[in-house]
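Peer 1: Model the structure of this input:
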Amino acid sequence: MLKDYHHFKGSTLSRSEKIQRLVTKMILESKIPDDKRENSVVWELKHHAGTVQIGRILAIKRGLDVEITEIICVLHDIYAIVTGKYANHARLGAEMAKDILIKSHSFPFDEIQTITEAIASHSDKQVYTEKPYVELAKDADVFECSLYAGAEGFYRLHKKDEIFREYVNRIKNVRKELGLSKEPIFRE
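Peer 2: This next block holds a predicted model:
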């Protein structure tokens, strides 16, 4: 039987859709004004949704579980979404994500471990692992950001040269994986 498309409402949401809906509501209902946030609420909405979409595509290409990927991608910046701050947001966000997943009563320990490990590691773009969900989180995040005008300048300003080069390498690798042209690496 085919599942009706529901536009993220109703009682038939999957566990991933419930988490995506929760995060979207958290962003929309945030009491932290843009002038107190490192990124705007609009950015958080666009980035979390865009990263989920990129993550889905990469998961399909890589033969990974799309639902686990969606949850990683929607929660990867949860600390910044909640606090408006990015300092150590990956590691601190992994703890927040763990609490959200435990409270949902929908995820076994091994899935929570996979999800939170990817979230905790997603900022370490210069570190390469043999863990497919960790690498997907890093790749989806940096590739999604590369599609915004000004991302290159932001990274050049805020990242050390050797780390910036790894961001570029990841973007190039994702572009190749998706069959896109090599240039431009960042949107102009």
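Peer 1: Where does pLDDT dip in the protein?
Peer 2: Along the chain, the model assigns pLDDT under 70 to residues 1-6.
Peer 1: What ranges does it have for its helices?
Peer 2: All helices of the chain, identified by DSSP state H, fall at 15-28, 41-62, 66-75, 78-83, 89-104, 109-121, 132-146, 151-158, 161-177.
Peer 1: And for stretch 100-116, what's in contact with it?
Peer 2: 15, 18-19, 22, 68, 71-72, 75, 78, 94-95, 97-98, 133 (Cβ atoms under 8 Å, 6 or more residues apart in numbering). Quick note: C-beta positions are derived from backbone N, CA and C, even for glycine.
Peer 1: could you redo the helices of the chain as TSV and give each row distance to residue 7 and mean neighbour count?
Peer 2: As requested, the helices of the chain are exported to TSV (distance: least, Cβ to Cβ, whole Å; neighbours: other Cβ atoms under 10 Å):
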stretch	distance to residue 7	mean neighbour count
helix 15-28	10	17
helix 41-62	14	18
helix 66-75	16	25
helix 78-83	22	22
helix 89-104	21	18
helix 109-121	25	19
helix 132-146	23	23
helix 151-158	30	14
helix 161-177	29	16
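Peer 1: Out of those helices, flag the one nearest residue 185.
Peer 2: Among the helices of the chain, helix 161-177 comes nearest to residue 185, with 5.3 Å by Cβ to Cβ.
Peer 1: other SSEs contacting the closest one?
Peer 2: When contacts are defined as 3 or more Cβ pairs under 8 Å, 6 or more residues apart in numbering; DSSP states H and E, helix 161-177 sits against helix 41-62, helix 132-146, helix 151-158.
Peer 1: can you tell me which residues contact the most centrally placed residue in the chain?
Peer 2: Residue closest to the average C-alpha location in the chain (Cα atoms, centre = their mean): residue 73, at 3.2 Å. Contact analysis of residue 73 by Cβ under 8 Å, 6+ apart lists 48, 51, 52, 54, 55, 56, 137, 140, 141.
Peer 1: Which single one of the residues you listed is nearest to residue 26?
Peer 2: Nearest to residue 26 among those is residue 48, at 9.7 Å by Cβ to Cβ.
Peer 1: From what I see, the closest one and residue 23 are in contact.
Peer 2: Yes: using Cβ atoms under 8 Å, residue 48 is in contact with residue 23, at 6.1 Å.
Peer 1: what's the overlap in contacts for these two?
Peer 2: Contact criterion Cβ under 8 Å, 6+ apart; residues shared by residue 48 and residue 23: 74, 81.
Peer 1: sorry, back to before: among the helices and strands packed on helix 161-177, which is nearest residue 31?
Peer 2: Ranking these by proximity to residue 31 (Cβ to Cβ) places helix 41-62 first, at 10.6 Å.
Peer 1: residues touching the closest residue to residue 38 other than its chain neighbours, list them.
Peer 2: Nearest residue to residue 38 in three dimensions, chain neighbours excluded: residue 86, at 5.2 Å (Cβ to Cβ, 6 or more residues apart in numbering). Applying Cβ under 8 Å, 6+ apart to residue 86 gives the contacts 38, 39, 79, 80.
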